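Undergrad: Okay, here's the prediction I keep looking at, along with the sequence it came from:
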Amino acid sequence: MNPLSLRLLGQQLSCPEFSTPHDVVSWMGAMQGQDYRAMRWAVGMRTGHPSEKSFREAFNSGSIIRTHLFRSTWHLVAAEDYGWMIDLCSDKSRSGIRGWIKQSGVVISEDEELRFREFISGALRGRGSLDRSGIESIVLESGFPCRPEHIKYQLYLAEVSGVICSGNMEGNERTWILSSDKIASRPLMTRSEALEELARRYFRSHSPATFEDYVWWTGLNAGECRQGIEALGDELVRERWKGLEFYVYRDCRTRGCRSGKVLLLPPYDEYLIGYKSRQVALPPEYRHRAHDQKGIFWPVILLDGKVVGNWSASGSSSAAVHRTSPAAASSSGSTSSGASPATASGFGSGSSRSHCISVDLFNPASPLPAEALQKEIDRYVRFCGN
């Protein structure tokens, strides 16, 4: 078993099978949506023809939804999955949010939470998407008894209760909207059906994965995770690799990975955050370069599925370029020691935006294939311009 190639294929990072953001999110089950910029590229890079415009249209039309779900944090889900997923994880997520509120030194009683939820259900009806300042104005003008500094916490609690979710994208500004105004229908499942379907979504897109990986990803208790896995029966096959037992989805793709593939992975991407067994792709000695102990993740570079460095993108007033650390790119035609920037082609038609891509390898003595690096940079730039 080659867990790197299987994960790349299952996660649609190699030979993606889908053309729309909705289909990618549906396949993945749920994708962490912590950061607005990162989540766009995380979905886009898993489509056949990445386009920021396509992501924005899917997000604003309500075919994909962003809300607090698993592990009490933001996730993207397909609209038709929202209802049964929020029912499945609401209690655990609400408990997590309340723990965070308590650690912040804020006290919100259950009665206050319920009254705010009832208030916001009526106050936001038919208003569309509003940012926090807009919601704060409605709350204050109505005379509803809620401290301004408590509103953000109340919004998070209303999210995990299924009352509101993220509204339309307005740059990088967070907005909220009533879930009933955003989502046309909310198909439901029994809890047993939901546990089975969630396990199916995770393992078909994330395998090979361990039991501990799945428990971590869902944030549910181990007993319910095991119940979902057992319900899949022979859809999962057990394999051992380097002393660990992994579940492999029976119908997973096994062909399609080509050597020398470079990927620019955004922070909080499912390829890392979706597992506890990150050592499969991330050498332990470089773990601090990918994430810290507080759960902050940074952009990383993959070479054949292995994390080999960091990257960053910044706006540029001139042509889009990429700059490498010394010896970051190899083979004929590459820049020597990264001293001279190389033009990144492939801007979308009419786009005025440009980007400077910086690359910093963990081990400069092991350079990246220059052509593969340039190809991935071009793909990212096209995404930002389309």
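TA: Structure received. Numbers count the residues shown, from 1 in each chain.

Undergrad: ranges for the helices of the stretch 151-300 of the chain?
TA: Secondary structure of the stretch 151-300 of the chain by DSSP state H, counting those that start in this stretch: the helices cover 151-160, 179-182, 191-206, 211-218, 222-231, 270-273, 287-290.

Undergrad: would you turn those helices into JSON lines with mean neighbour count?
TA: Backbone N, C-alpha and C define where each C-beta goes, glycine included. Shown next, in JSON lines, are the helices of the stretch 151-300 of the chain (neighbours: other CB atoms under 10 Å):
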{"stretch": "helix 151-160", "mean neighbour count": "22"}
{"stretch": "helix 179-182", "mean neighbour count": "20"}
{"stretch": "helix 191-206", "mean neighbour count": "20"}
{"stretch": "helix 211-218", "mean neighbour count": "20"}
{"stretch": "helix 222-231", "mean neighbour count": "16"}
{"stretch": "helix 270-273", "mean neighbour count": "22"}
{"stretch": "helix 287-290", "mean neighbour count": "16"}
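
Undergrad: Take those and write them to a markdown table, including mean pLDDT.
TA: Formatted as a markdown table, these follow (pLDDT from 0 to 100):
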| stretch | mean pLDDT |
| --- | --- |
| helix 151-160 | 94 |
| helix 179-182 | 94 |
| helix 191-206 | 98 |
| helix 211-218 | 98 |
| helix 222-231 | 98 |
| helix 270-273 | 97 |
| helix 287-290 | 96 |
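
Undergrad: Ok, which of the ones you listed comes nearest Glu52?
TA: helix 270-273 (18.7 Å; CB to CB).

Undergrad: how about the helices of the stretch 151-300 of the chain in a markdown table, adding distance to Met31?
TA: Listed next are the helices of the stretch 151-300 of the chain as a markdown table, based on distance: least, CB to CB, whole Å:
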| stretch | distance to Met31 |
| --- | --- |
| helix 151-160 | 16 |
| helix 179-182 | 18 |
| helix 191-206 | 9 |
| helix 211-218 | 11 |
| helix 222-231 | 19 |
| helix 270-273 | 6 |
| helix 287-290 | 18 |
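
Undergrad: Figure out which of the ones you listed is closest to Met39.
TA: Of the helices of the stretch 151-300 of the chain, the one closest to Met39 (CB to CB) turns out to be helix 270-273, at 10.3 Å.
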